[in-house]
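Show me the folded form of this:
(2 chains)
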Amino acid sequence: MPGNRLAGREGAGGRAQDDEVVRFDDATLSFGRHRLWDGLTFSLKKGEFLAVLGPNGSGKTTLLKVLLGLQPLSSGTVEIWNRPPGHGNSRIGYVPQQRRFDSQSPVRGRDLVRLGIDGHRAGIPLPRVATRSRVEAAIRSVGAEAYANAPLGKLSGGEQQRLRIAQALACDPAILLCDEPLLSLDIASQDTVASLIDTRRKEAETVVVFVTHEINPILPYVDKVVYLVDGQWAVGTPEQVFTSERMSELYGMPVTVANLGNRIEVVTSHGGALRDLMDEEKCRLLVDMEGDEHRGPV
Amino acid sequence: MNIVGLFNNLQLPFAQHALVACTIVAITCGLISPFVIMRGMSFAVHGMSELAFTGAAAGLLVGGNALAGALCGAMVVALLIGALGDRESDRDSSIGVILAGGLGLGVLLLSFYHGFATAATNILFGDIFGVSNNQLILLLVIGILVIIAIMAMYRPLFFASVDTEVAAARGVPERILSIAFLLVLAFTVTEAAQVVGTLLVLSLAIAPAAAARRLSSSPLWIACLSILIALVAADGGLMASLQFSRIKPTVFVTGISFLFYIFARIVGPAISSRQNRALQLEEVMG
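Here you go, the predicted structure:
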């Protein structure tokens, strides 16, 4: 497909489906001269798992801010349930990019979870039976019972992340927005966190928008990919987006994609070039046309 | 120096006034103190109280009303911090600059005021026994308004302080809250300055929660302990000063709150290591 619309303009102009939850239509966002994305168009149905990928600075986090109603578009529209995104939508759960809680932070896990339920309301947080049982249920759903009463700052990154997810689930979200929730977690915690999110999606048909720089840990769950590179974008299933042809178009340079079934590797013929383009930290495989293999620094 | 003597002293109207003033100041300080620490605003509090000194000096010079002047001074700083120091990284430096400039101005103003020495020490170190009837009523009204305001914004302010991003996502208006909190802080600082003086406001506005959060990790308990510590320090300090009338209440108030902090630093690690052990045990037991 020509131009930057690498996948079809699905949803746009067609009839609105009942189970359509999110719709981007010709959405453009620029800051000054810098254009993050241009004419971004896709839609999400109930229970769909979307991975948002792309190099740093390509506007992945900003896409979440747009969905939260915290960042207006430069042009085009975005709609959630056929309405513009509003401030503090109570059916949207948000897991922000991980920032460790300081060890003196005066909150326990259960306090964090409770803030997800009624933290935005005025007044004093008096103990309430109904709220308490919702907090307990959310904590149980992520298996954090053992450490929910400990100060947050004393917990490991994986434990904090589980409680963050419990907080996002406590408001019974129809949409779950996660910003790099696997960052700085060990592999076991990555698996747990990803499958927790997938479980919620299956049980409650929650739409998941999952920003990440690494597709592989969530590859089994992903229905759809939005890949953003420097104003260009591609939308589709992982199989549609991760082809050598499309990735080469996106990056504007020859790129080889190796789809190994349960994992995908993006490979370039120019040594470290793709490492810079994709992510400074995590792009790992750089394979030469001659078959020489270099492992990039992690 | 005995209990009977203390009760006799408390029969005196001026002592009763002072006790009422100390109690209301302690409650407001105990309430705001955890937020001051959570939001990293200790230096902002100090800046406000220093500028309350400048305002008080101006108030004395213009209309002989130090309290109203102090209130204006603190409000001006609150609004300046709100306008200039939006980013945490440059907040401290802008406060430092405002503080130094304003304090210099205060010294200049005081040098025009006759009766310099006592007025200055009273503003800097507190003069709770000198509170007039009208001022007491003003203190009471301000105190009650501050308590109502804090109660009303307690939960969203807490949310925005510990979990800024998610709070913003849930529609908590962080900007409005932070300005509202700065204004509440200005009122509280001015009140506290009447008891302990502008130089020592930190002993009531920070020390209680600094001690409390070493003793518990539950936000509710921290708030309760913080109010309790502030009450014991302010009222206890006042009563001690009634017993030893040569020494200002300020000395006892700051002394008691400092002792609480030392106590919490010593006992706190024992509490948190017990928590850690319980945590490990629960994890082992599954």
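
Next, the residue in the stretch 151-298 of chain A positioned nearest to chain B: phi, psi?
Proximity of the stretch 151-298 of chain A to chain B (CB to the nearest CB) peaks at A:Pro151, 3.9 Å away. C-beta: built from backbone N, CA, C; applies to glycine. With angles defined as degrees, to the nearest 10, A:Pro151 sits at phi -60, psi 130.

That one reaches B:Ile271, doesn't it?
No - assessed by CB atoms under 8 Å, A:Pro151 is found out of contact with B:Ile271, at 10.6 Å.

who's more crowded, those two?
The residue with more neighbours, out of A:Pro151 and B:Ile271, is A:Pro151; 24 against 14, by other CB atoms under 10 Å in any protein chain shown.

give the contact list for the closest residue in space to the more buried one that isn't next to it in sequence.
In space, and not counting its chain neighbours, A:Pro151 is closest to B:Ser217: 3.9 Å by CB to CB, 6 or more residues apart in numbering or on different chains. Residues near B:Ser217 by CB atoms under 8 Å, 6 or more residues apart in numbering or on different chains: A:106-108, A:150-151, B:272, B:275.

Return the residues of chain B in contact with chain A.
Residues of chain B found near chain A (CB under 8 Å from any CB of the partner chain) are B:34, B:37-38, B:151-156, B:158-159, B:162-163, B:165-172, B:213, B:217-220, B:222, B:272, B:275-276, B:279, B:282-283, B:286.

Rank the helices and strands of chain A by mean pLDDT and give me the bottom one.
Lowest mean confidence among the helices and strands of chain A (mean pLDDT, DSSP states H and E): strand A:285-287, at a mean of 35.

Next SSE downstream of the helix or strand where B:Gln135 lies?
Element membership of B:Gln135, judged by DSSP states H and E, is helix B:133-162. Toward the C-terminus, helix B:133-162 is succeeded by helix B:164-169 as the next helix or strand (DSSP H and E).

Name the SS class of the closest residue to chain A within the stretch 151-286 of chain B, please.
Nearest to chain A in the stretch 151-286 of chain B, going by CB to the nearest CB, is B:Gly171, at a distance of 1.9 Å. Taking DSSP: H, G, I helix; E, B strand; the rest coil as the rule, one finds B:Gly171 in the coil state.

if we can go back for a sec, work out the gap between the helix holding B:Gln135 and the centre of the chain.
The chain centre lies 12 Å from the centre of helix B:133-162; the measure is CA atoms, centre = their mean, to the nearest Å.

in that helix, what's buried?
Buried residues in helix B:133-162, counted by 16 or more other CB atoms under 10 Å in any protein chain shown: B:135-136, B:138-139, B:142-143, B:146-147, B:149-150, B:153-162.

Check the burial of B:Ser245 by counting its neighbours.
When neighbours are counted by other CB under 10 Å, B:Ser245 registers 9.

low pLDDT regions in the stretch 51-200 of chain A?
By pLDDT under 70, the weakly predicted segments of the stretch 51-200 of chain A are A:87-88.

Of all residues in the chain, which one is nearest the centre?
Using chain A. The residue lying closest to the centre of chain A (CA atoms, centre = their mean) is A:Phe210, at 1.9 Å.

I was thinking of chain B, sorry if that wasn't clear
Nearest residue to the geometric centre of chain B (CA atoms, centre = their mean): B:Ala205, 2.7 Å.

how much space between it and A:Gly59?
The gap separating B:Ala205 from A:Gly59 is 42 Å, by CB to CB, to the nearest Å.

Just the buried residues of stretch B:6-19, please?
Those would be B:9, B:15, B:17-19, for stretch B:6-19 by 16+ other CB under 10 Å.
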